[in-house]
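1. Sequence isn't available, so here's the structure alone:
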C-alpha cells in the first residue's frame with residue numbers, strides 16, 4: 001500500500017510540474033503580429049481634358065425643292081429616272097407647248113403691228129414739224145410785208161385797203177402757225193401713245209415667252225430626286241398643291257440635335273466661372289456616331305444654336321453640317337453627335353472602380369492619408385470619361401485614392417499601399433479569358 005501511495009504521489013507531482021513548465025513557456029512566447037491589408041492606390045493629379053457631350057439627333061436635307069408647274073397643261077414627257085442624281089437646270093418634265101407657242105406668235109405679230117404704227121406716227125410728226133417750219137417762214141414774210149405797207153401808208157404811197165390786206169395776211173399766217181404747232185403737239189402725243197402701246201405689246205410678248213419657257217419644268221437645285229407623282233398625259237395646273245416630284249440635296253447634310261436648356265445653362269455657368277475654356281477653332285468641330293455604333297469618317301461643323309426654346313420639350317436645336325459625298329447619311333437617320341463643350345485644364349479623373357455608394361446613393365471614395373490610415377471622402381461627380389469619373393469636388397491633387405482592395409478595409413484601418421496598375425489587371429483578365437478550356441479527363 002505504501003508503494004502504491006508513493007507511485008501515485010510521484011505521478012501527481014510529475015503532472016503538476018509539467019503543467020507549470022507549459023504555463024511558463026506560454027507566458028514567455030511572444031505574440032504573433034496581425035497581418036496588414038494591402039491596397040492599390042491612385043495618386044490624384046490634375047490634367048487637361050477636352051469635355052464632350054453626346055447628344056441624339058436626326059439628319060435632314062441641306063436643301064429641299066418641291067417641283068410644281070407654273071402653267072397649266074398636259075404632261076408630254078418625263079425626262080428623269082426616279083431616284084437619280086439630277087443637276088440644277090436640267091429639264092424634268094415637258095408640258096405641251098403648242099397653245100403657248102401660238103400665244104407667243106400672236107403677241108409677236110401684234111408687237112410688229114404696233115411698231116409699224118409708231119413708225120407712221122413718227123413720220124406724221126416729222127411732216128408736221130416741216131409744216132411748222134414753212135408756216136414760220138410765211139409768218140415772217142407776212143409781218144415784214146405788213147410793216148412795209150404801214151410805212152408806205154403813212155406817206156400816202158399805198159391805200160388803206162392795201163395796208164389792211166397786209167395786216168390781215170400777217171394775222172392769218174400767225175394763226176396758221178399756231179395751228180401747225182398744235183398739230184405737232186398732237187402728233188407727238190400720238191407717238192407717245194404708240195410707244196406706250198409698244199411697251200404694252202412687248203410686256204405681253206415677254207409674258208407669253210415666260211409661260212412658253214415654263215412648259216419646260218427644270219430642276220432648281222442639284223440633288224437626288226424622288227418618285228414622280230404624275231405620268232405622261234396627266235393634266236397639271238399652275239401652282240397646284242401636289243408636287244410633281246421632290247429634290248433633296250444630301251451633300252452636305254444637316255444634323256439637327258436637341259439640347260436641353262438645363263445642359264445649356266450648366267455649360268454657360270461653367271464657362272463664366274472659368275472651369276471650362278473654349279477650345280479655339282476646334283470648338284465647333286463635331287464627331288458623329290451612326291446607328292450601328294460606327295464612327296462617321298468625317299467631322300462636321302456646328303453652324304448655329306437656335307435662340308428659341310421649344311415650350312413642349314424645353315430644348316433648343318443645334319444645327320450641324322456634315323459632308324456626305326458617299327451618301328451614307330440619309331434624311332431621317334438617327335445619329336449621335338459628339339459636341340465639344342470646352343476644355344477643363346484642372347480636371348481630376350479617377351478610376352470608376354474606386355467610387356462606391358453609401359446607403360443613400362451618394363458617391364464616396366476611400367483614400368490613404370499620410371499616416372497610412374484609411375479615410376472616407378464624399379464626392380461630387382461630373383460625368384464619366386471613358387473608364388474614369390470626372391470629379392467635381394471632394395478630392396485634391398496628391399490624395400491617394402484606393403482603387404483595389406477597398407472592400408477589405410474600413411475608415412481608420414491601417415493599410416499597406418501598393419501602386420495601382422489598371423493595365424496589368426486588364427491584361428490578366430484578357431489572358432485568362434483567352435485561354436482555351438481544358439478538357440476534363
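-> Good, I have the coordinates. Owing to the predicted nature of the structure, the values given are computational and were not obtained by experimental measurement.
2. Low-confidence regions, the stretch 1-150 of the chain specifically.
-> Along the stretch 1-150 of the chain, the parts satisfying pLDDT under 70 run over 1-34.
3. Please enumerate the strands of it.
-> Here the stretch 1-150 of the chain has its strands, by DSSP state E, counting those that start in this stretch, at 37-43, 46-67, 73-78, 85-86, 91-95.
4. Single out the most deeply packed of those.
-> Mean neighbours per residue, mean count of other C-beta atoms under 10 Å, is largest over these for strand 91-95, with a mean of 20. Where C-beta positions appear, they are placed from N, C-alpha and C, glycine not excepted.
5. Domain parsing of this protein, as residue ranges.
-> Residue ranges for each domain of the chain read 49-60+248-421, 69-96+216-242, 98-213, as given by automatic domain parsing.
6. Reformat those domains as TSV; add distance to residue 43.
-> Listed next are the domains of the chain as TSV, based on distance: least, C-beta to C-beta, whole Å:
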stretch	distance to residue 43
domain 49-60+248-421	6
domain 69-96+216-242	57
domain 98-213	77
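7. right, and those domains - which one's nearest residue 42?
-> Of all those, domain 49-60+248-421 sits nearest to residue 42, with 4.9 Å by C-beta to C-beta.
8. Now do the end-to-end distance for the closest one.
-> By C-alpha to C-alpha, to the nearest Å, the extent of domain 49-60+248-421 from end to end equals 21 Å.
9. helix/strand/coil for the residue most central in space within the chain?
-> The residue lying closest to the centre of the chain (C-alpha atoms, centre = their mean) is residue 319, at 3.5 Å. The three-state label for residue 319, taken from DSSP: H, G, I helix; E, B strand; the rest coil, comes out as strand.
10. List the contacts of the closest residue in space to it that isn't next to it in sequence.
-> Closest residue to residue 319 apart from its sequence neighbours, by C-beta to C-beta, 6 or more residues apart in numbering: residue 303 at 4.6 Å. By C-beta atoms under 8 Å, 6 or more residues apart in numbering, the contact list for residue 303 reads 254, 319-321.
11. And residue 259, what's its pLDDT?
-> At residue 259, the model reports a pLDDT of 86.
12. That one in helix, strand or coil?
-> strand.
13. how about the helices in the stretch 251-400 of the chain?
-> Along the stretch 251-400 of the chain, counting by DSSP state H, counting those that start in this stretch, helices occupy 261-273.
14. Where does pLDDT dip in it?
-> 270, 273-283.
15. now the strands: where do they sit in it?
-> 285-289, 300-305, 315-322, 334-351, 356-357, 363-368, 374-378, 380-385, 388-393, 400-404.
16. Go through these and pick out the most buried.
-> Across those, averaging neighbours per residue (mean count of other C-beta under 10 Å) puts strand 400-404 on top, at a mean of 23.
17. how far out from the middle of the chain is that strand?
-> 45 Å (C-alpha atoms, centre = their mean, to the nearest Å).
18. partners of that strand in the sheet?
-> Its sheet considered, strand 400-404 pairs with strand 37-43 (antiparallel), strand 363-368 (antiparallel) by DSSP bridges.
19. between the last one and strand 388-393, how big is the angle?
-> For strand 363-368 against strand 388-393, the angle between stretch directions is 90 degrees (axes from the mean of the first three to the mean of the last three C-alpha atoms, to 10 degrees).
20. Okay, angle between strand 363-368 and strand 380-385 too, please.
-> Put simply, strand 363-368 runs at 90 degrees to strand 380-385, going by the same axes, to 10 degrees.
21. and for strand 363-368, what are the contacting residues?
-> Strand 363-368 is contacted from outside by 39, 41, 350, 354-358, 374-381, 389, 394-395, 399-402, 406, 409, 411, 415, 417, using C-beta under 8 Å, 6+ apart.
22. before we move on, what about stretch 241-248?
-> 61, 63-69, 80, 82, 86, 92-93, 217, 219-230, 236, 331.
23. dump the residue contacts of residue 323.
-> With contacts defined as C-beta under 8 Å, 6+ apart, residue 323 is in contact with 251-252, 298, 300.
24. go with 10 Å
-> The contact partners of residue 323, taken as C-beta atoms under 10 Å, 6 or more residues apart in numbering, are 251-253, 296-301, 329.
25. Filter these down to just the buried residues.
-> Neighbour-count burial (16 or more other C-beta atoms under 10 Å) applied to the contacts of residue 323 gives 251-253, 296, 300, 329.
26. re the thing from before, TSV please, covering the strands of the stretch 1-150 of the chain and showing distance to residue 173.
-> Output for the strands of the stretch 1-150 of the chain, formatted as TSV (distance: least, C-beta to C-beta, whole Å):
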stretch	distance to residue 173
strand 37-43	122
strand 46-67	73
strand 73-78	66
strand 85-86	77
strand 91-95	67
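27. Quick check: buried residues in stretch 172-182?
-> Buried residues in stretch 172-182 (16+ other C-beta under 10 Å): 173, 176-177, 180-181.
28. follow-up on the earlier one: just send the buried ones among the contacts of residue 323 back as CSV, with distance to residue 340 too.
-> Listed next are the buried ones among the contacts of residue 323 as CSV, based on distance: C-beta to C-beta, whole Å:
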residue, distance to residue 340
251, 24
252, 19
253, 20
296, 15
300, 11
329, 20
